[in-house]
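sequence unknown, structure follows:
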């Protein structure tokens, strides 16, 4: 049976299985969902066994359990290790959802739910492609699966797990569907990812909250001071001002900049889609370069003082911010983390105390397009989407991808099917059904081409 027919005949069952996964609120960032993490991992084991793996089990880590499964054709055969994550982002703000984020709905040929794309939907594509190959007797190499439950909080336990289980996870190539395409009619393969460094900053002024009438103008306000510090980190040209921040940043080669310039990109549509009138960023670079090949700085959250209803004339004791930098290849996130901590201490006036807590980080990654596995993925996309995919770098981070290369010594193929309109990490996350079907077809073809 051809894959298109198999999908058509089995789609109701497939969606029912996927919806069962989505209904489990596996939110790794919230401790109250600890039991849901285990329940989701167990459910993945059951689905993998139904798909045809020879064994599937939960494996402990320092944090949430990992799911490991395998189908071994022969010890001598090549091995593909499929990675995905089963945890999802918190769904708040709930009032902006048009339906329950953990009760999937199909509207306008899209699945709406938290995890519909990132990463339950995309991980599910990998498993259903595998299921088809097993049922049709078309798999001629080994396939292993490793699904983790901490990707959305920076994979803090996975590095140690990889070190401990190097032999078990040994593979010739790693396959990941957790990235996006340029568009539904513009398929693309991700060849690079930015790294990440993330901190929480605490600024303390007086030893208690003070009456702003009695003390305002005489005592440093930590919120004011924090805002002043944050405003100095990026200059008027969009350059990050941390000393030595750019030491390891390589200039984008002219040939690559030319390739990026030829990627179809409608800047007006880009602005309209996110509701802004003007874009900004580092001077001398295009929008596509700024969000993929260049580093960035962002305040992800800032708070302190009184934020309830009505007014309270308070000069707060403390202020907080969560901040992040997207990094590019060759920037070491631990080095950048220390540079940031040192710089914030330098910026802070003596009127406050500053505490900088590194939270998580990861290295950038680049995949050579000359790899046979990359070329197999190209053919998979060409078969499913009817056109050759573009090779592009993306601005997001998957910290564990660099760890795969460092610890397991294996390159990763980033065969993702997400779209900007899928609204991952946001209210009304969704996944197009036609992309879901084409994704399964593309992964099937990847395995068949790899066998050749």
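Thanks, I have it. Because the structure is predicted, anything quoted here is derived from the model rather than measured.

When you work out contacts or count neighbours from here on, use the C-alpha atoms and nothing else.
OK.

ok, and for stretch 97-108, which residues are buried?
Buried positions in stretch 97-108, judged by neighbour count with 16 or more other C-alpha atoms under 10 Å: 97, 100, 101, 102, 104, 105.

same deal with stretch 409-416?
Buried residues in stretch 409-416 (16+ other C-alpha under 10 Å): 410, 411, 412, 413, 414, 415, 416.

With secondary structure added, can I get those in CSV?
Listed next are these as CSV, based on DSSP: H, G, I helix; E, B strand; the rest coil:
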residue, secondary structure
410, coil
411, coil
412, strand
413, strand
414, strand
415, coil
416, coil
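
Take those residues and lay them out in CSV including distance to residue 345 and pLDDT.
What follows is the buried residues of stretch 409-416, written out as CSV (distance: C-alpha to C-alpha, whole Å; pLDDT from 0 to 100):
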residue, distance to residue 345, pLDDT
410, 39, 96
411, 38, 95
412, 38, 96
413, 40, 97
414, 38, 96
415, 41, 97
416, 40, 96
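
Specify which member of those is nearest to residue 34.
residue 416 (27.7 Å; C-alpha to C-alpha).

which SS state does residue 360 fall under?
Going by three-state DSSP: residue 360 is strand.

Quick check, it in contact with residue 151.
No: counting by C-alpha atoms under 8 Å, residue 151 is not a contact partner of residue 360; they are 11.0 Å apart.

So for those two, which residue has more residues nearby?
Neighbour comparison, residue 360 and residue 151: the larger count goes to residue 151, with 23 against 18 (by other C-alpha atoms under 10 Å).

roughly how far apart are the more buried one and residue 159?
Residue 151 sits 11 Å away from residue 159, going by C-alpha to C-alpha, to the nearest Å.

Which of the buried residues of stretch 97-108 fall within strands?
Counting by DSSP state E, the members of the buried residues of stretch 97-108 that fall within strands are residue 105.

Kindly reformat the buried residues of stretch 97-108 as TSV containing distance to residue 20 and pLDDT.
Output for the buried residues of stretch 97-108, formatted as TSV (distance: C-alpha to C-alpha, whole Å; pLDDT from 0 to 100):
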residue	distance to residue 20	pLDDT
97	20	98
100	14	98
101	13	98
102	10	98
104	9	98
105	12	98
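
Make CSV out of the buried residues of stretch 97-108 and add distance to residue 80.
Shown next, in CSV, are the buried residues of stretch 97-108 (distance: C-alpha to C-alpha, whole Å):
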residue, distance to residue 80
97, 37
100, 36
101, 33
102, 31
104, 31
105, 33
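
Closest one of the buried residues of stretch 97-108 to residue 45?
Nearest member of those to residue 45, counting by C-alpha to C-alpha, is residue 102, at 20.1 Å.

which residues touch the closest one?
Residue 102 makes contact with 22, 23, 24, 25, 113, 114, according to C-alpha atoms under 8 Å, 6 or more residues apart in numbering.

again, but for residue 158
61, 148, 400.

what does residue 324 give?
Counted by C-alpha under 8 Å, 6+ apart, residue 324 has contacts 196, 197, 198, 199, 297, 298, 299, 300.

Any quick PyMOL command for the buried ones out of the residues you listed?
In PyMOL syntax, the buried subset of the contacts of residue 324 is picked out as below (16+ other C-alpha under 10 Å):
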select buried, resi 196+197+198+199+297
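
okay if I get the buried residues of stretch 409-416 as CSV plus distance to residue 282?
Formatted as CSV, these follow (distance: C-alpha to C-alpha, whole Å):
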residue, distance to residue 282
410, 33
411, 31
412, 30
413, 29
414, 27
415, 29
416, 28
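
Out of these, which comes closest to residue 30?
residue 416 (26.5 Å).

Would you quantify the distance from the closest one to residue 100?
26 Å.

just residue 7 next, same as before
27 Å.

before we move on, what about residue 227?
36 Å.

How far off centre is the lowest-mean-pLDDT helix or strand in the chain?
Within the chain, judged by mean pLDDT, DSSP states H and E, the helix or strand with the poorest mean is helix 254-261; its value is a mean of 78. How far helix 254-261 lies from its chain's middle: 25 Å, per C-alpha atoms, centre = their mean, to the nearest Å.

rewinding a little: let me have the contacts of residue 324 in a markdown table, adding pLDDT and distance to residue 376 as columns.
Below are these laid out as a markdown table (pLDDT from 0 to 100; distance: C-alpha to C-alpha, whole Å):
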| residue | pLDDT | distance to residue 376 |
| --- | --- | --- |
| 196 | 91 | 29 |
| 197 | 95 | 33 |
| 198 | 95 | 35 |
| 199 | 98 | 39 |
| 297 | 98 | 36 |
| 298 | 97 | 37 |
| 299 | 98 | 39 |
| 300 | 97 | 38 |
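
Narrow the contacts of residue 324 to those in strands?
Of the positions in those, 196, 197, 198, 199, 297, 298, 299, 300 sit in strands, assigned by DSSP E.

How about the fourth one: what's its closest non-neighbour residue?
In space, not counting the residues next to it along the chain, residue 199 is nearest to residue 358; the distance is 4.4 Å by C-alpha to C-alpha, 6 or more residues apart in numbering.

didn't the one you found look like it was pressed against residue 154?
No: judged on C-alpha under 8 Å, residue 358 makes no contact with residue 154 at a distance of 11.9 Å.

Any chance of the backbone angles for residue 201?
Per-residue torsions, residue 201: phi -110, psi 130 (degrees, to the nearest 10).

Can you name the residues bridging to it?
residue 321, residue 356 (DSSP bridges).

That one: what's it in contact with?
By C-alpha under 8 Å, 6+ apart, the contact set of residue 201 is 320, 321, 322, 323, 354, 355, 356, 357.

Do you know the pLDDT at it?
Among the per-residue scores, residue 201 shows a pLDDT of 98.

Then residue 24?
Looking at residue 24, its pLDDT reads 98.

Secondary structure element for it, which one?
Assigned by DSSP states H and E, residue 24 falls within no helix or strand.

now swap in residue 379 and tell me
Counting by DSSP H and E, residue 379 is part of helix 372-385.
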